[in-house]
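Q: here is my input; please provide its structure:
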Amino acid sequence: MVIFGAHSTSFAFDDRIISLGPGDDLQQSVDNLAPGQTIQLAPGRYYQSIVIHKKGTPEKPIRILGGKGVVFCGLNELKLEWNEIRRGVFQTKVTQPVRQLFVNQVMMTPARWPNMSWNERWENSKWPKAEADSNYGTLVDSNLASSNLDFTGCVAILNIGSWQTFRRVITKHQKGRDRFNYKTDPNSRLVKASHPAEIDRYCIYGEAALDAPEEWFYDDKSQALTLYPPEGRNPRQLMIESKGNPTGILCQDCAYLTISGIQFRGTTVRMKNINHCQLENIQIEFGSAISNPFGPNTPLSDELKSSFNARKWFGETSVDVLTEVFGHDNVIRNVVCKYSEGPGLTVGGKRNLIENCLFQDIDWHGLDYGFGIDLLAAAPVTVRYVTLDHSGGSEGLRLANHGASLVEFCHLHHCGLRQSDGAIIQTSGASSSGTEIRYNWVHDHEAFHWGGNGIRGDDGARRLQIHHNVVWNCREKGIVTKGDGHNIYNNTCFNNSKIDILVPRNRLPQKTNELVKQNINTRVFNNLSGVSGSWYWENPKLPPYGLSENNRALVLSELRDIRSFDFRPTKRMNGTDAGQDKPTANSSNRPISMGAYDFDQPKPAVGYQRRN
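A: Presented below is the predicted three-dimensional model:
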């Protein structure tokens with residue numbers, strides 16, 4: 001059988017290969033796929049969506065293959081008549097809702113107060129601080145009064161729950177008023193929460209805020225799109241695109257399926273109830289967006305019925321779709337994901353592998369219950385050679401609370417940029433026993449106000465193995481392990497503001513369900529790091545209850561060159577086996593050392609490794 005694609009330049013004699021181009025009916029070809037067949041996509045832009053319900057076999061997998069120049073695009077170009085409604089501001093009517101807008105391939109900012117361009121998305125100064133009279137339901141800030149704007153009906157993004165952020169319509173405000181009101185949930189934990197000055201942060205989106213170049217506003221009722229284009233430009237001279245198709249490829253109830261070599265722009269791929277599938281050599285830009293930047297949360301209808309993810313569990317679903325993989329025994333490899341307004345990746349199921357992936361500029365609002373990479377429903381999961389570079393949520397890589405997962409050779413940094421609390425790598429609960437976190441670089445958790453840890457075994461954690469990591473520049477603690485039975489060894493930690501390694505003796509006062517005495521059976525040894533058993537407010541400072549041996553604070557001059565990520569020591573530093581059941585170095589007969597690296601070992605490869 002020979003099948004020709006409309007844009008094919010050659011044909012295939014192999015009856016298992018189907019060559020298709022952008023002008024072909026992809027869905028029809030997908031519906032007719034049989035085990036062992038491959039769809040090979042020609043270069044070009046694909047504006048179609050496809051839904052795949054197919055199962056291959058181990059001997060005859062099904063493959064959807066792209067290559068250089070194969071792009072699934074969810075953006076529609078708007079070729080419309082524009083009217084100038086005031087100097088430099090233009091308006092038109094559209095037939096579809098606008099959720100993201102691009103001018104000459106640059107993302108524009110929904111009308112926002114305070115003003116913020118796309119390039120300023122990580123500047124803290126663009127997030128005002130609430131003042132002392134604020135409480136749940138009312139936000140107070142004297143800058144609201146001086147704005148001389150009425151924000152009634154606009155949407156506030158409210159980081160009022162430390163590790164939870166909410167989008168709420170402003171129900172009451174007026175010009176000159178220093179406070180606004182928003183709807184509350186009587187069952188929320190925030191009803192009884194205190195709101196001290198400058199902890200809560202916020203921003204506002206709405207028509208009242210449309211006053212700067214590169215801003216836009218869409219009115220659902222009138223279907224009017226208003227654009228303040230880049231300074232001095234006329235929209236008739238610009239390429240203007242709107243996000244129209246949030247899901248490029250949806251795979252459901254699939255097995256032994258590979259999707260490889262495809263770029264997604266303004267759309268993404270979703271895989272649900274799939275087993276033994278591979279997602280590899282994929283690039284995703286602007287894969288998820290706020291479902292309605294100027295109105296209440298309105299997730300897609302099938303998301304309401306979707307399998308578990310943390311955002312639905314905690315009652316917030318601000319984002320239209322997630323880049324998600326749910327199922328068992330799947331591989332996510334060589335994926336580059338940038339500029340997602342939600343998590344970079346959400347994974348659920350058992351025995352999944354995430355390998356050699358890059359997630360960059362993720363969730364710059366810190367929406368909902370903030371994760372950069374959401375693995376809360378993935379147990380166990382293996383994560384290796386992954387880079388997470390700038391993420392707004394308080395928890396960068398959020399592991400499941402059950403199952404023994406493995407995280408290794410990852411470079412995770414600049415997280416928690418839009419929330420408080422959390423850790424760059426986080427797990428909790430006794431059922432996560434056996435989770436191993438090793439050979440990672442973790443740094444710069446820059447929480448809004450408080451918290452900010454590198455690696456954390458949170459409430460109830462048991463028997464974590466945390467070793468050979470380098471952790472630095474976190475707002476509070478480098479490594480912290482609540483619970484008991486952990487092994488924490490051969491880590492290098494420095495420049496963490498309060499404590500490099502905390503192995504607390506006592507539970508937090510409000511955690512009455514936790515062990516009264518913590519970490520009695522925990523072992524901490526061979527760390528180039530200060531180690532404490534006392535919370536920073538506790539005095540006198542005491543060591544951990546369990547074994548604590550051969551740990552000491554690092555002098556930075558003892559490392560070769562931290563600016564180039566060379567954390568090998570300048571000389572040998574002898575360690576101890578501390579009665580450890582398994583080797584603390586490699587399987588050779590190397591002497592046991594202190595810290596994450598031996599002085600004479602090769603410089604390791606950590607994080608995403610770009611493939612040509």
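Q: for the chain, which residue is closest to the average position?
A: residue 372 (1.5 Å; CA atoms, centre = their mean).
Q: which element is that residue on?
A: Assessed by DSSP states H and E, residue 372 sits inside strand 371-378.
Q: tell me which residues of that strand are tucked away?
A: Residues of strand 371-378 classed as buried by neighbour count (16 or more other CB atoms under 10 Å): 371-378. For glycine as for every other residue, the C-beta is placed from the backbone atoms N, C-alpha and C.
Q: report the mean confidence score over that strand.
A: Taken as a whole, strand 371-378 carries a mean pLDDT of 93.
Q: in its sheet, what does it sit against?
A: Strand 371-378 has its sheet partners listed here by DSSP bridges as strand 345-349 (parallel), strand 395-398 (parallel).
Q: tabulate these (JSON lines), appending mean neighbour count.
A: As requested, the strands paired with strand 371-378 are exported to JSON lines (neighbours: other CB atoms under 10 Å):
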{"stretch": "strand 345-349", "mean neighbour count": "26"}
{"stretch": "strand 395-398", "mean neighbour count": "29"}
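Q: can you pull out the strands in the stretch 201-350 of the chain?
A: Applying DSSP state E, counting those that start in this stretch to the stretch 201-350 of the chain gives strands spanning 201-205, 215-219, 224-228, 240-243, 247-252, 257-265, 268-275, 278-285, 324-328, 331-340, 345-349.
Q: gap between the first one and the chain center?
A: This means strand 201-205. Remark: strand 201-205 is offset 20 Å from the chain centroid, using CA atoms, centre = their mean, to the nearest Å.
Q: which elements pack onto that strand?
A: Packing partners of strand 201-205 (3 or more CB pairs under 8 Å, 6 or more residues apart in numbering; DSSP states H and E): strand 112-113, strand 155-159.
Q: kindly report the domain assignment for the chain.
A: The record's domain parsing of the chain by automatic domain parsing lists 80-241, 288-569.
Q: and of these, who's closest to residue 21?
A: Minimum separation from residue 21 across these (CB to CB) falls at domain 80-241, 21.8 Å.
Q: any idea how far the closest one is from the middle of the chain?
A: Centroid separation for domain 80-241 versus its chain: 22 Å, with CA atoms, centre = their mean.
Q: state the mean pLDDT of it.
A: Domain 80-241 comes out at a mean pLDDT of 94.
Q: and the buried residues of strand 371-378 as TSV, adding distance to residue 53?
A: As requested, these are exported to TSV (distance: CB to CB, whole Å):
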residue	distance to residue 53
371	29
372	31
373	27
374	25
375	26
376	27
377	22
378	23
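Q: ok, back up a step: TSV please, covering the strands paired with strand 371-378 and showing mean pLDDT.
A: Listed next are the strands paired with strand 371-378 as TSV, based on pLDDT from 0 to 100:
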stretch	mean pLDDT
strand 345-349	95
strand 395-398	96
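Q: for residue 172, which of those strands is the nearest?
A: Closest approach to residue 172 among the strands paired with strand 371-378 (CB to CB): strand 395-398, 33.3 Å.
Q: helices or strands up against the next helix or strand after the closest one?
A: Following strand 395-398 in sequence order, the next helix or strand is strand 406-408 (DSSP H and E). Secondary-structure packing of strand 406-408 (3+ CB pairs under 8 Å, 6+ apart): strand 381-391, strand 436-438.
Q: parallel or antiparallel, which strands does strand 406-408 pair with?
A: In the sheet, strand 406-408 lines up against strand 381-391 (parallel), strand 436-438 (parallel) (DSSP bridges).
Q: could those strands go into TSV alongside distance to residue 274?
A: Below are the strands paired with strand 406-408 laid out as TSV (distance: least, CB to CB, whole Å):
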stretch	distance to residue 274
strand 381-391	15
strand 436-438	26
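Q: and those: which comes nearest residue 421?
A: Across the strands paired with strand 406-408, residue 421 has its closest neighbour in strand 381-391 (14.2 Å, CB to CB).
Q: before we move on, back to that, want to throw the strands paired with strand 371-378 into a markdown table with distance to residue 470?
A: What follows is the strands paired with strand 371-378, written out as a markdown table (distance: least, CB to CB, whole Å):
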| stretch | distance to residue 470 |
| --- | --- |
| strand 345-349 | 24 |
| strand 395-398 | 15 |
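Q: out of these, which is closest to residue 151?
A: strand 395-398 (30.3 Å).
Q: relative to the whole chain's centre, how far out is that closest one?
A: Taking CA atoms, centre = their mean, the mean C-alpha location of strand 395-398 is offset from the chain mean by 7 Å.
Q: next one: stretch 17-29
A: Relative to the chain's own centre, stretch 17-29 is displaced by 33 Å; criterion: CA atoms, centre = their mean.
Q: measure that stretch end to end?
A: Taking CA to CA, to the nearest Å as the measure, stretch 17-29 stretches 11 Å from start to finish.
Q: and the domains of the chain, which is most packed in?
A: Here the criterion is mean neighbour count by mean count of other CB atoms under 10 Å, and of those the winner is domain 288-569, at a mean of 22.
Q: re earlier: mind giving me a markdown table with the domains of the chain and columns for distance to residue 49?
A: Shown next, in a markdown table, are the domains of the chain (distance: least, CB to CB, whole Å):
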| stretch | distance to residue 49 |
| --- | --- |
| domain 80-241 | 14 |
| domain 288-569 | 11 |
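Q: contact partners for residue 466?
A: For residue 466, the contacting residues are 436-438, 455, 457, 479, 481, 486-489, 491, by CB atoms under 8 Å, 6 or more residues apart in numbering.
Q: what are the bridge partners for it, then?
A: Assigned bridge partners for residue 466, using DSSP bridges, are residue 437, residue 488.
Q: which one is residue 117 nearest to, not counting chain neighbours?
A: Closest residue to residue 117 apart from its sequence neighbours, by CB to CB, 6 or more residues apart in numbering: residue 214 at 5.6 Å.
Q: residues in contact with that neighbour?
A: Contacts of residue 214 (CB under 8 Å, 6+ apart): 103, 106, 108-109, 117-118, 228-230.
Q: for residue 143, which of the helices and strands packed on strand 201-205 is the nearest?
A: Nearest to residue 143, of all these, is strand 112-113, at 9.2 Å by CB to CB.
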